[in-house]
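S.K.: Sequence first, predicted coordinates after that:
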Amino acid sequence: MTPLLKPNSKNTILDDIKQLTKFGLSISVVFSSVAGYLLGADVINYKTLSLLAVGGYLMVGASNAFNQVIEITQDALMQRTKTRPLPAGRLSKQTALIIAFTFTLIGLAILYNINPKTAFFGALSIFLYTSVYTPLKSVTPLAVFVGAIPGAIPFMLGWVAATNHFGIEAGILFAIQFLWQFPHFWAIGWLLDDDYKLAGFKMLPMGQKDKKLAIQIILYTLVMIIVSVYPVLGLSGHLKLSVVAAVITVLPGLLMLFYGFKLLSVQTNLMARKLMLSSVFYITMIQIIFVIDKFLR
């Protein structure tokens with residue numbers, strides 16, 4: 001009989017669970033949800049905010065755990081992932097599944113306690129990520145499109161948690177993070193192309209690191225910037241953005257564009273890495289800018 005927890009001299013069980021649930025990524029997702037909540041809330045309810053943070057973390061952690069169970073064979077083939085707890089044998093699949101299901105049930109219960117819509121979008125995120133995006137990665141580059149849907153839910157999930165309503169405001173927050181996924185993940189796909197090919201993953205739209213991919217990155221980045229400043233027009237319901245905040249929002253977008261054009265000019269991993277880092281900076285900054293602008297108006 002396989003033990004649930006295998007002896008581990010180098011990493012603690014807690015460290016392995018953090019790797020299984022991708023602690024850093026999960027925290028960044030919680031940050032997006034909290035930003036969305038602060039944008040939607042008329043009065044901050046700290047109980048709801050705490051429930052959103054904990055429930056959101058559990059749901060994202062569950063998605064990541066399910067993903068690693070499904071991809072244990074592929075993870076063992078890639079340099080970047082072969083030391084993860086499952087392929088390295090530090091955790092059993094049974095343990096990982098127990099963690100994933102436990103996180104899912106508790107996370108859903110917590111989000112439902114906020115309101116049913118929040119729980120629905122949380123459940124939809126897990127379903128799309130584990131049941132559609134993960135298996136599609138080995139079949140078609142369209143997996144990135146599918147994966148962008150659960151990846152874009154956290155920002156708008158916070159708004160829904162605050163308002164119990166999905167309207168144009170939540171739709172715009174979703175659209176911003178949805179469009180952002182493409183330059184971000186294609187930059188990652190560029191960097192990890194060799195590793196992904198070892199595992200049979202098809203992450204680049206045409207399977208090549210070339211100028212055509214760089215052009216697509218630039219186009220998606222342009223549309224993303226436009227959608228991000230759309231609230232300045234006053235046509236997005238209760239989601240507002242001042243002119244000053246809109247101008248500031250454009251700046252990190254221009255940084256992404258700069259590295260997109262650099263990647264078009266010189267197709268190197270260095271430029272792809274700079275593009276990826278600038279995309280992380282962008283999504284973090286616009287969420288901060290949106291929130292600060294709301295409370296200063």
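M.R.: Alright, I've got the coordinates. Numbering: from 1, shown residues only.
S.K.: what pLDDT, on average, does the helix or strand harbouring Leu255 get?
M.R.: Taking DSSP states H and E as the definition, Leu255 sits inside helix 243-265. Average pLDDT, helix 243-265: 97.
S.K.: what's the answer for stretch 174-182, then?
M.R.: Averaged across stretch 174-182, the pLDDT comes to 97.
S.K.: do stretch 62-82 as well
M.R.: pLDDT averaged over stretch 62-82 gives 94.
S.K.: measure that stretch end to end?
M.R.: Chord length of stretch 62-82, first to last residue, is 20 Å (Cα to Cα, to the nearest Å).
S.K.: Report the buried residues of that stretch.
M.R.: 62-72, 74-78, 81 (16 or more other Cβ atoms under 10 Å). No exception for glycine: its C-beta is placed from N, CA and C like everyone else's.
S.K.: again with stretch 285-297
M.R.: Buried, per 16+ other Cβ under 10 Å, within stretch 285-297: Met285, Ile286, Gln287, Ile289, Phe290, Val291, Asp293, Lys294.
S.K.: can you give me the helices for this structure?
M.R.: Assigned by DSSP state H, the helices in the chain fall at 13-20, 23-40, 46-70, 72-77, 93-114, 116-127, 134-136, 143-163, 168-191, 193-199, 211-229, 243-265, 269-296.
S.K.: on contacts alone, who are the packing partners of the second one?
M.R.: Going back to what we said before, that points to helix 23-40. Under the contact criterion of 3 or more Cβ pairs under 8 Å, 6 or more residues apart in numbering; DSSP states H and E, helix 23-40 touches helix 46-70, helix 143-163, helix 168-191, helix 269-296.
S.K.: Same check on the last one?
M.R.: Helix 269-296 sits against helix 23-40, helix 168-191, helix 243-265, with contacts defined as 3+ Cβ pairs under 8 Å, 6+ apart.
S.K.: Just name the most buried of those.
M.R.: helix 168-191 (a mean of 23; mean count of other Cβ atoms under 10 Å).
S.K.: Now do that helix against helix 211-229, angle only.
M.R.: Interaxial angle of helix 168-191 relative to helix 211-229 (axes from the mean of the first three to the mean of the last three Cα atoms, to 10 degrees): 160 degrees.
S.K.: What residues does Ile44 make contact with?
M.R.: By Cβ atoms under 8 Å, 6 or more residues apart in numbering, the contact list for Ile44 reads Leu38.
S.K.: quick one, phi/psi of the closest residue in space to Ala76 that isn't next to it in sequence?
M.R.: In this structure, Ala76 finds its nearest non-sequential neighbour in Pro87, 3.8 Å apart by Cβ to Cβ, 6 or more residues apart in numbering. Pro87 adopts backbone torsions of phi -60, psi -30, taken as degrees, to the nearest 10.
S.K.: Neighbours of Pro87, how many?
M.R.: 19 (other Cβ atoms under 10 Å).
S.K.: One more: the one 4 residues further on?
M.R.: Summarising burial for Leu91: neighbours were counted as other Cβ under 10 Å, giving 26.
S.K.: Beta-bridge partners for it, please?
M.R.: In this entry, Leu91 is beta-bridged to Leu5, by DSSP bridges.
S.K.: hang on, it packs against Asp16?
M.R.: Yes: contact criterion Cβ atoms under 8 Å: Leu91 and Asp16 qualify, at 5.4 Å.
S.K.: residues shared between the contacts of these two?
M.R.: Contacts common to Leu91 and Asp16, judged by Cβ under 8 Å, 6+ apart, are Pro85.
S.K.: Tell me how far Met271 lies from Ala214.
M.R.: 9 Å (Cβ to Cβ, to the nearest Å).
S.K.: Between those two, which has more neighbouring residues?
M.R.: Taking neighbours as other Cβ under 10 Å, Met271 and Ala214 compare with Ala214 leading, 26 against 20.
S.K.: So for the more buried one, what's the nearest residue that isn't a sequence neighbour?
M.R.: Spatial nearest neighbour of Ala214, chain neighbours left out: Leu264 (3.9 Å); criterion: Cβ to Cβ, 6+ apart.
S.K.: Next up, the contacts around that neighbour.
M.R.: Contact analysis of Leu264 by Cβ under 8 Å, 6+ apart lists Lys211, Ala214, Ile215, Ile218.
S.K.: Buried only: go through those residues for me.
M.R.: Buried among those by 16+ other Cβ under 10 Å: Ala214, Ile218.
S.K.: Which pLDDT value goes with Pro3?
M.R.: 47.
S.K.: swap that for Ala41, please
M.R.: 94.
S.K.: looking at it, it is touching Val160, isn't it?
M.R.: No: look at Ala41 against Val160 with Cβ under 8 Å: they stay out of range, at 11.4 Å.
S.K.: These two: who's more crowded?
M.R.: A count of neighbours by other Cβ under 10 Å puts Val160 above the other of Ala41 and Val160, at 30 against 17.
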